[in-house]
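Chemist: what follows is a protein structure lacking sequence information:
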């Protein structure tokens, strides 16, 4: 199905050398249309209301009694002006509970994240959930060529796979870090690709002022809007991972100043691993997560009241034998549920993730991911980062895992689609017509509905054992391997107004010629 | 950890030729103690209260307007006496709504299922959940020897693996059907094994009166109680899978008469596959499921008021291309949630399952199973049938899947363990002591807790990629393969009073000598 009605401009874009591939693109395989996903279930609570309040109050004590080290001079000045306890010559900033909560009160509870294709706009907050592509892996891998460091070709391929699938509703950063592009200009090349190879909303890394400014400008050009309109219509977002415990560094604060200042979305996500950068108790790690999140979120509002934000939870545990982070664990799931309760307590959108620690696309990868999805959906997540591709604790973006995750996300989307409970769906007449001992397949009730009655899997193999064995006993990873190649071959660049593409290229080329951004961050 | 304090009798039992293996048994590997599992979360609702009522009312219409074919003469007579519309020379029985609901009102909402080891008693109903071993596979398989028809050696091995793991809280039937035992005496051999190789509660198949009677007698002897005490303390259960659509056959009705009559638990589970034996709509399949369940459950109360029961949901969809049943699908999950709502509406315990359609222990097996677990736990399940071992839509019990499922169930149990939210767990003092930029590993707060802080996986491989690769890139199925062999080698028969064992053997041998049970069922 088409994800958008091609505009005349779009048609022109398509004719630009790709006319022969018209039959390919998003029509090349069956999938549900792009749509806003809604969680129809009441969120599941991981702790009682009293316990939630205890976590909230403990984090306010941390902010007041211990404080946060803020390494950015201007940020401390802004905080001081906003009422924080900032002392000369000291990075430590302490926050009063009332002051923090007053600033938090300016955060919007819900907003639209704008894509350059308006049909790919998504709502962030409420009972909406957005699924994003994996981000920030240093390595990528596929079953044919094995594991390798990130590079531009793989980066682009992974973006293309994200663009093609309607269940991937935004990108979330670079699926893999293309280290073959010089760091000074990497953001320019990469964000140009995000804006041209995909037409969905995207993420900008906060790695120094210039990168944020360049990214915002590319988002503006791609949408063809003014800075004022862009500030009213967030069209990009940044993830701020605090330096847990209790530190906010210069690029992070600069990122908030630039992004919140320009009305772009800031999702604050402390990376609080219980037993390492946070207390070994999940409750304690959540206290630390919440303290750090509140400090950075309040800061976004000091920069610009009403700036769009998200509350990110990434609390997990480490393997106490090796120190390695673990994901998709019971502790991770519990932290997901409570993270959602905290975000809802402050009435702001909640970001969570689809993660695992597995090294290959085996049963472990699947169960850790589905456990993560369980925590995310039941926890009331609004943005699922790393929705597709994540392997190896985030050190690898896998082509096969990306396809497997798309299957999982499509299944979750179908699970979230409410049952039809009409008179016809209740089917008393069909049951009467068939009667005891009969079969429903041949009935009109079945025949008129069977083609679309059920979710159609793309990886799940439902053949019987004998047929499956005759076919060479393929496993899920084998099927995912075949699929990503078929789909990538059918990729079609989404249409873009040539004038906009020219402006965008001019901007990027000029900034590259200027040398890009400093690399001493 | 030990699951029970060995009694003097137990010690005697152990000395009976097994003294040399004292170090083995359930102490041979680390696991959490046997415990009653509780779902601490509010169940997730798949439909609104109004929609639930519509499903309920539609199923009452089916019972009144269409009726159920009941093939057992005495059962029809009992139903007639209880107020059902039974006509001479007609199998069809119609039920009035008030009459059905009045009989349903006698069902207990919660009861204890007694094991011969009282420390393995489990509560069925309320917010308790019981995890059982897989049941009824015609084939079994392991990664070394491949797939083969069920036989006594594998049957016993699978029982032993179930007995060893505390997370498996009862057996659920024969994990694999041992076709090398003649059908006339198979139930005698198999139930003797259930009662001696395990000390947990077990299931009796309803395949003709004699089998139920023999099974109940073995349960009684194994517990060393009178028939009266056994009737007050259900110590076995049977699953009644109705012949959907709308048929109750002779062995089923006989099973209810025998089991409910003896105060043993009856779990009615219509096998309503949407698009085959039930309407293609999930709502319609649930209407049919509910009508069949209500008819059979009401019948249990006509046999004996207050007889312990469970409401079973097994509604799933078929692959509309091949007709094969699909499991762990979004439709299955939705049916799990609504099934729980229906059971709670009638205030009776709810049975659901851990199932998948995968042919091997790959990512598909894992994601379909975890999706099933998601639906089961969030749906408020009280008995999880097929908890460990299920593969291939139930046609295979896999040694590796059994171990994988044990990992999944242990993770779910940990997810259901409430977070500690005490002052010490909130860890404000630990956060203060570490301060911004510090590390928690060396702190007293961490050191005093880290050994038991987190769930310890047995299959999940958290090594980094390089170490994992050096170890030969094992996948989850490889690790499960190693584990089941290690664990089976450490199996120790649970202690049994020799006098009881002798009585049990005498009974079984006598019944075998008598020729067992008819095989013309």
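Modeler: Sure thing, it's come through. Note that the structure is a prediction, hence the values are computed from the model and not measured. Residues are numbered from 1 along each chain as shown, chains lettered A, B, ... in the order given.

Chemist: grab the nearest non-local neighbour of residue A:97.
Modeler: Using Cβ to Cβ, 6 or more residues apart in numbering or on different chains and skipping residues adjacent in sequence, the residue nearest residue A:97 is residue A:60, 4.3 Å away. Quick note: C-beta positions are derived from backbone N, CA and C, even for glycine.

Chemist: wait, I meant residue A:378
Modeler: Residue A:378's closest residue in space is residue A:44 (Cβ to Cβ, 6+ apart), at 4.0 Å.

Chemist: cool, residue A:232 as well?
Modeler: Residue nearest to residue A:232 in three dimensions, not counting chain neighbours: residue A:263, with 6.4 Å by Cβ to Cβ, 6+ apart.

Chemist: who's in contact with the closest residue to residue A:518 other than its chain neighbours?
Modeler: The shortest distance from residue A:518 to any non-neighbouring residue, by Cβ to Cβ, 6+ apart, is to residue A:208 (6.3 Å). Residues in contact with residue A:208 (Cβ atoms under 8 Å, 6 or more residues apart in numbering or on different chains) are A:251, A:254, A:517, A:518, A:521.

Chemist: and residue A:208, how far from residue A:150?
Modeler: Residue A:208 sits 20 Å away from residue A:150, taking Cβ to Cβ, to the nearest Å as the criterion.

Chemist: residues near residue A:412, how many?
Modeler: The local packing of residue A:412 (other Cβ atoms under 10 Å in any protein chain shown) involves 27 other residues.

Chemist: just the one 10 residues further on next, same as before
Modeler: One way to gauge burial is a neighbour count; for residue A:422, by other Cβ under 10 Å, it gives 12.

Chemist: residue A:498 too?
Modeler: Residue A:498: 12 surrounding residues under other Cβ under 10 Å.

Chemist: and if you look at residue A:402?
Modeler: Neighbour tally, residue A:402, other Cβ under 10 Å: 30.

Chemist: isn't it up against residue A:389?
Modeler: Yes. Residue A:402 is within contact range of residue A:389, at 3.9 Å (criterion: Cβ atoms under 8 Å).

Chemist: find the residues that touch each one of these two.
Modeler: Common contacts of residue A:402 and residue A:389 (Cβ under 8 Å, 6+ apart): A:133, A:134, A:158, A:175.

Chemist: give me the beta-bridge partners of the residue minimising distance to the centre of chain A?
Modeler: For chain A, the residue nearest the mean C-alpha position is residue A:385 (2.6 Å; Cα atoms, centre = their mean). Residue A:385 has these beta-bridge partners by DSSP bridges: residue A:353.

Chemist: and the pLDDT for it?
Modeler: pLDDT, residue A:385: 98.

Chemist: what sits against residue A:245?
Modeler: Residues counted as contacts of residue A:245 (Cβ under 8 Å, 6+ apart) are A:272, A:277, A:278, A:288, A:292, B:431, B:434, B:435, B:436, B:437, B:438, B:440.

Chemist: give me the phi and psi angles of it.
Modeler: When read as degrees, to the nearest 10, the backbone of residue A:245 gives phi -90, psi 130.

Chemist: can you tell me, leaving aside adjacent residues, what's nearest to the residue of the stretch 151-300 of chain A found nearest chain B?
Modeler: Closest contact between the stretch 151-300 of chain A and chain B, by Cβ to the nearest Cβ, is at residue A:284 (2.8 Å). Computed as Cβ to Cβ, 6+ apart, the closest residue to residue A:284 that is not its neighbour in sequence is residue B:427, at 2.8 Å.

Chemist: what's the burial count for the one you found?
Modeler: Applying other Cβ under 10 Å, I find that residue B:427 has 30 neighbouring residues.

Chemist: returning to that earlier point: what's the closest of the contacts of residue A:208 to residue B:225?
Modeler: Residue B:225 lies nearest to residue A:251 out of the contacts of residue A:208, by Cβ to Cβ, at 71.4 Å.

Chemist: around chain B, which positions in the stretch 151-300 of chain A sit nearby?
Modeler: Residues of the stretch 151-300 of chain A that fall close to chain B, judged by Cβ under 8 Å from any Cβ of the partner chain: A:243, A:245-247, A:274-284, A:287-288, A:291.

Chemist: apply 6 Å and report the result again.
Modeler: Applying Cβ under 6 Å from any Cβ of the partner chain, we find that the stretch 151-300 of chain A lies next to chain B at A:245, A:246, A:247, A:275, A:279, A:280, A:281, A:282, A:283, A:284, A:287, A:288.
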